[in-house]
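Participant: Sequence unavailable; structure follows:
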């Protein structure tokens, strides 16, 4: 219809079409990435729905590996508000509020602590290298009994194994993994229970006289061992000046 009207008015439609296509292409290059990001953010909230209001989440790059501590991604945020375009988050450790565009986190790895059932805590026990199999079994049994005695806190012992033996420092390391009944959404109670369990295990090791204690550092080991031997001998042979 538009082309017919333009023909009646003796106007060249192709000139207008070329001009319009040039404008559309320019807009596509200028606003295409932004529009794509907005669409990705809307799809994330409307379809994927990786979190709900009140959830504790962590945001990381897709290639970022978990940390060694508990939880694996410990910079956590609480979801305060959310719409199709933006999400308001509160940083757990400092109560700071941040607002982010949904499109900027659409391609990120979102860890939802509230949906991750039954948090698993990890810690390492340091024992003397002279520890026997029977003594290690006693420690394991003590942990299992502690779990049974606290059914409202702990679910089960997941793992108990030796991960390192260092004869030079007379150290044996045992990895312990225990499952809590709560999720990482309740981070403070989980971390508190983890600390209490570590304290309990330490007391068991001390009672069995197998708890490893770091030897005090020797000055020569810390500083002098990196110096050439002639410097060390010169330092030792040099007389100490008396105070004036």
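Facilitator: Great, that's in hand. In this text, all values refer to a predicted model and were calculated from it rather than measured experimentally.

Participant: in the chain, which segments are predicted with low confidence?
Facilitator: By pLDDT under 70, the weakly predicted segments of the chain are 1-33, 215-244.

Participant: For it, just list every one of the strands.
Facilitator: If DSSP state E is used as the criterion, the strands of the chain fall at 56-60, 76-82, 86-91, 97-101, 109-112, 120-128, 154-166, 171-180.

Participant: Next, the residues that contact the fourth one from outside, please.
Facilitator: Surrounding strand 97-101, the residues in contact under the criterion CB atoms under 8 Å, 6 or more residues apart in numbering are 37, 41, 77, 80, 85-91. For every residue, glycine as well, the C-beta is placed using N, CA and C.

Participant: Kindly give a single ChimeraX line that selects the buried subset of those residues.
Facilitator: Typed into ChimeraX, the line below selects the buried ones among the contacts of strand 97-101, using 16 or more other CB atoms under 10 Å:
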select :37,41,77,87,88,89,90
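
Participant: List just the nearest of the contacts of strand 97-101 to residue 176.
Facilitator: For residue 176, the nearest member of the contacts of strand 97-101 is residue 77. The distance, counting by CB to CB, is 28.9 Å.

Participant: can you list the contacts of strand 97-101 in CSV and add distance to residue 107?
Facilitator: Listed next are the contacts of strand 97-101 as CSV, based on distance: CB to CB, whole Å:
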residue, distance to residue 107
37, 9
41, 10
77, 17
80, 22
85, 16
86, 16
87, 14
88, 20
89, 17
90, 23
91, 21
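
Participant: Which single one of the contacts of strand 97-101 is nearest to residue 144?
Facilitator: Relative to residue 144, the closest of the contacts of strand 97-101 is residue 77; by CB to CB it sits at 35.6 Å.

Participant: For that closest one, which non-adjacent residue is spatially closest?
Facilitator: Take residue 77 and drop its neighbours on the chain: the residue closest to it by CB to CB, 6 or more residues apart in numbering is residue 89, 3.9 Å away.

Participant: With residue 81 as the reference, measure out to the residue nearest the centre of the chain.
Facilitator: To find the centre residue of the chain, average its C-alpha atoms and take the closest one (CA atoms, centre = their mean): that gives residue 73, at 1.8 Å. Distance from residue 73 to residue 81, counting by CB to CB, to the nearest Å: 22 Å.

Participant: No further questions, thank you.
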